[in-house]
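Enquirer: any chance you could fold what I've pasted below:
(one chain, ligands or ions: 2)
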Amino acid sequence: MAGTGVFSDILDGDVYKYYADGEWKKSSSGKTVAIINPTTRKTQYKVQACTQEEVNKVMESAKTAQKSWAKTPLWKRAELLHKAAAILKEHKAPIAECLVKEIAKPAKDAITEVVRSGDLISYTAEEGVRILGEGKFLVSDSFPGNQRTKYCLTSKIPLGVILAIPPFNYPVNLAVSKIAPALIAGNSLVLKPPTQGAVSALHMVHCFHLAGFPKGLISCVTGKGSEIGDFLTMHPGVNCISFTGGDTGIAISKKAGMIPLQMELGGKDACIVLEDADLDLVAANIIKGGFSYSGQRCTAVKVVLVMESVADVLVEKVKAKVAKLRVGAPEDDCDITPVVSESSANFIEGLVKDAKEKGATFCQEYKRDGNLIWPLLLDNVRPDMRIAWEEPFGPVLPVIRINSIEEGIHHCNASNFGLQGCVFTKDVNKAILISDAMETGTVQINSAPARGPDHFPFQGLKDSGIGSQGVTNSINMMTKIKSTVINLPTPSYTMG
Ligand SMILES: NC(=O)C1=CN([C@@H]2O[C@H](COP(=O)(O)OP(=O)(O)OC[C@H]3O[C@@H](n4cnc5c(N)ncnc54)[C@H](OP(=O)(O)O)[C@@H]3O)[C@@H](O)[C@H]2O)C=CC1
Ligand SMILES: O=C(O)[C@H](O)COP(=O)(O)O
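Expert: Residues are numbered from 1 along each chain as shown. Ligands and ions are numbered 1, 2, ... in the order given. So this is what the prediction gives:
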């Protein structure tokens with residue numbers, strides 16, 4: 001049960017506290033933020049609306065704690081991360097319950113997110129010990145005109161205070177994907193969780209608290225991004241921002257100072273289907289890729305570009321699978337659950353209405369009950385329809401029929417997004433040519449797009465982001481290079 005047992009410290013009455021200086025605290029603002037359960041559309045939880053003064057104190061503590069954390073041996077940092085991972089997995093049930101209640105994540109997917117997060121933390125600890133435990137040794141005479149009079153020792157050092165801002169759809173996994181690399185690299189961490197997902201995140205933070213991390217090293221400030229967000233992202237105490245979400249990230253990148261930014265933003269992942277594709281495999285991946293978590297994934301299949309000659313058969317196969325999707329409450333492990341908010345549902349409905357007005361073929365009747373939208377496949381979608389380009393972040397999937405591979409690649413590359421894409425064909429030569437031509441960070445061949453496994457690079461191009469994620473890339477981007485050069489009076493060459 002959320003906020004009970006080991007988690008009772010984080011709850012004060014019906015309001016969750018924020019975390020700073022190794023303690024759970026009540027904000028002096030006296031204001032709270034309601035978290036609306038997408039299924040019931042009623043207030044499920046409340047969190048603090050932290051003040052700017054409290055953010056200032058958090059940043060000061062983070063700066064101080066980072067100095068001693070940077071002197072903590074790598075093996076000790078890794079040991080604490082492994083402890084946090086174990087505690088997180090031990091308490092996966094109450095944390096998963098929070099995910100079900102605040103973001104309507106299906107119960108089994110919620111458990112998976114928490115376990116995956118524990119695994120990510122441990123993998124990051126191991127990877128960090130390896131890659132941060134070695135540097136480079138350079139000699140001067142490799143550059144023309146130089147004798148071997150200079151030895152250069154380089155190492156990766158921490159940036160300082162990392163501000164992590166994850167999105168609602170993975171409030172635990174996309175938080176730890178920032179927290180763990182930051183900490184193993186010797187940084188301190190300030191977390192601003194999404195409002196919907198904040199209580200899941202607070203429970204996750206408590207697992208780090210229970211693991212025994214130094215006071216002030218990790219903080220979690222709550223409050224609406226629209227109210228406290230700018231103060232955080234423009235705070236002079238922040239040395240790096242790692243953000244996942246929507247267009248907000250583009251706005252942040254224009255406001256932030258001269259600091260490293262890691263931005264994972266929206267996507268319009270295209271699924272290109274060639275005539276020789278295994279259409280049963282394609283249909284299964286369209287269902288998994290297009291409708292998991294009701295399409296609320298940046299890596300969801302967001303447009304199907306299928307060769308006309310096989311389109312009828314494919315659409316029928318997908319329709320048959322859509323009909324079998326269970327629609328309902330996340331507690332019942334339904335495949336399609338309510339989208340995260342009424343505003344999101346209204347946005348999705350706007351795209352559907354536009355497609356209707358412009359003549360798309362509705363493979364199912366459009367149906368909505370509150371935030372619950374039944375899965376909808378739109379066939380014969382044309383480029384003049386908004387759904388061809390915009391990201392619904394919901395269970396609505398457009399099918400565009402193409403007559404050539406070039407047409408598919410053109411549509412994919414005409415998008416402002418460039419996160420992932422996928423291509424289905426038995427011809428590996430064509431698959432490689434198409435992958436090379438698609439302007440996306442990743443192309444999946446014969447499978448739906450996906451960020452996982454979490455050690456794979458994860459890179460958005462164009463409006464899909466900057467800076468590459470994935471465990472190793474995240475660790476590296478949260479460090480900078482320090483060099484020490486030893487100057488010898490006379491050249492010295494190591495004898496064989
Ligand atoms: N790339 C991806 O993985 C994801 C992309 N998205 C895209 O974003 C859209 C909206 O989803 P959502 O999660 O609301 O994304 P947002 O970009 O609105 O929010 C992402 C995070 O940013 C915070 N935030 C909001 N405003 C600011 C600000 N001014 N400064 C700093 N932080 C801020 C939010 O906090 P708060 O919740 O308090 O507003 C949240 O923690 C989706 O429709 C989808 O297109 C969404 C999720 C994942
Ligand atoms: O932001 C997102 O939606 C996630 O990065 C997608 O992750 P997934 O492919 O593992 O669902």
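
Enquirer: where does the residue nearest the centre of the chain land on pLDDT?
Expert: Nearest to the mean C-alpha position of the chain, by Cα atoms, centre = their mean, lies Leu174 at 4.3 Å. pLDDT, Leu174: 98.

Enquirer: hang on, isn't it packed against Pro167?
Expert: Yes. In this structure, Leu174 is within contact of Pro167 by Cβ atoms under 8 Å, at 6.1 Å. Every residue, glycine included, has its C-beta placed from N, CA and C.

Enquirer: contacts only, for Phe393.
Expert: Shown in contact with Phe393 (Cβ atoms under 8 Å, 6 or more residues apart in numbering): 266, 295-296, 300, 339, 344, 347-348.

Enquirer: ok, the residue nearest to the centre of the chain - contacts?
Expert: Neighbouring residues of Leu174 by Cβ under 8 Å, 6+ apart: 166-167, 244, 264.

Enquirer: which helix or strand contains the closest residue to Ala323 other than its chain neighbours?
Expert: Spatial nearest neighbour of Ala323, chain neighbours left out: Gln364 (7.9 Å); criterion: Cβ to Cβ, 6 or more residues apart in numbering. Gln364 belongs to no helix or strand when elements are defined using DSSP states H and E.

Enquirer: give me the phi and psi angles of Gln364.
Expert: Phi and psi for Gln364, reported as degrees, to the nearest 10, are phi -140, psi 160.

Enquirer: could you pull up the residues touching it?
Expert: Residues near Gln364 by Cβ under 8 Å, 6+ apart: 319, 322-323, 374-377.

Enquirer: flag every residue of the chain that's near ligand 1.
Expert: 165, 167-169, 194-195, 224-226, 229-230, 232-233, 244-246, 248, 252, 264-266, 298, 391, 393 (Cβ under 6 Å from any ligand atom).

Enquirer: for Lys268, give me its contacts.
Expert: So Lys268 contacts 302-303, 389-391, 415-417, 419 (Cβ under 8 Å, 6+ apart).

Enquirer: ok and the residue in the stretch 51-200 of the chain nearest ligand 2?
Expert: Of all residues in the stretch 51-200 of the chain, Asn169 sits closest to ligand 2, with a separation of 5.1 Å (Cβ to the nearest ligand atom).

Enquirer: chain neighbours aside, what residue packs nearest to that residue?
Expert: Nearest non-adjacent residue to Asn169 (Cβ to Cβ, 6+ apart): Gln296, at 4.9 Å.

Enquirer: tell me the pLDDT at Lys178?
Expert: According to the prediction, Lys178 has pLDDT 98.

Enquirer: quickly note the distance from it to Leu351.
Expert: 30 Å (Cβ to Cβ, to the nearest Å).

Enquirer: which residues of the stretch 201-350 of the chain lie near ligand 2?
Expert: Neighbours of ligand 2 within the stretch 201-350 of the chain, by Cβ under 6 Å from any ligand atom: 244, 297-299.

Enquirer: Ser341 - how many residues pack around it?
Expert: For Ser341, the neighbour count with other Cβ atoms under 10 Å is 18.

Enquirer: tell me, how many residues neighbour the nearest residue to Gln469 once chain neighbours are set aside?
Expert: Spatial nearest neighbour of Gln469, chain neighbours left out: Phe458 (4.0 Å); criterion: Cβ to Cβ, 6+ apart. By other Cβ under 10 Å, the residues close to Phe458 number 26.

Enquirer: cool, Leu99 as well?
Expert: Neighbour tally, Leu99, other Cβ under 10 Å: 28.

Enquirer: again, but for Trp374
Expert: Residues lying near Trp374 (other Cβ under 10 Å) number 16.

Enquirer: I'd say Cys240 and Ala164 touch.
Expert: No. Between Cys240 and Ala164 there is no contact under Cβ under 8 Å: 9.3 Å.

Enquirer: can you list residues touching both of the two?
Expert: Ala182.

Enquirer: kindly report the domain assignment for this protein.
Expert: 3-264+465-479, 269-443 (the TED database).

Enquirer: relative to Pro489, which of the ones you listed is closest?
Expert: Taking Cβ to Cβ, domain 3-264+465-479 is the member of these nearest to Pro489, at 7.7 Å.

Enquirer: in the stretch 251-400 of the chain, what residue spans correspond to strands?
Expert: Secondary structure of the stretch 251-400 of the chain (DSSP state E, counting those that start in this stretch): strands at 261-264, 269-273, 301-307, 361-362, 368-369, 372-373, 376-379, 396-402.

Enquirer: need those strands in CSV with mean pLDDT, can you?
Expert: As requested, the strands of the stretch 251-400 of the chain are exported to CSV (pLDDT from 0 to 100):
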stretch, mean pLDDT
strand 261-264, 98
strand 269-273, 98
strand 301-307, 98
strand 361-362, 98
strand 368-369, 98
strand 372-373, 98
strand 376-379, 98
strand 396-402, 98
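
Enquirer: please identify which of these is closest to Val471.
Expert: Taking Cβ to Cβ, strand 261-264 is the member of the strands of the stretch 251-400 of the chain nearest to Val471, at 12.7 Å.

Enquirer: list of residues touching the closest one?
Expert: Here strand 261-264 makes contact (Cβ under 8 Å, 6+ apart) with 174, 178, 240-245, 249-250, 252-253, 298, 458, 460, 464-469, 474, 477.

Enquirer: which of those fall within helices?
Expert: Among these, DSSP state H puts 174, 178, 249-250, 252-253, 474, 477 in helices.

Enquirer: which one (most neighbours) among the residues you listed?
Expert: Neighbour counts for the ones in helices among the contacts of strand 261-264 (other Cβ under 10 Å) peak at Leu174, which has 30 neighbours.

Enquirer: what about the nearest residue to Leu191 once chain neighbours are set aside, neighbour count?
Expert: Of all residues not flanking Leu191 in the chain, Cys220 sits nearest, at 4.5 Å (Cβ to Cβ, 6+ apart). Burial measure for Cys220: 30 neighbouring residues, criterion other Cβ under 10 Å.
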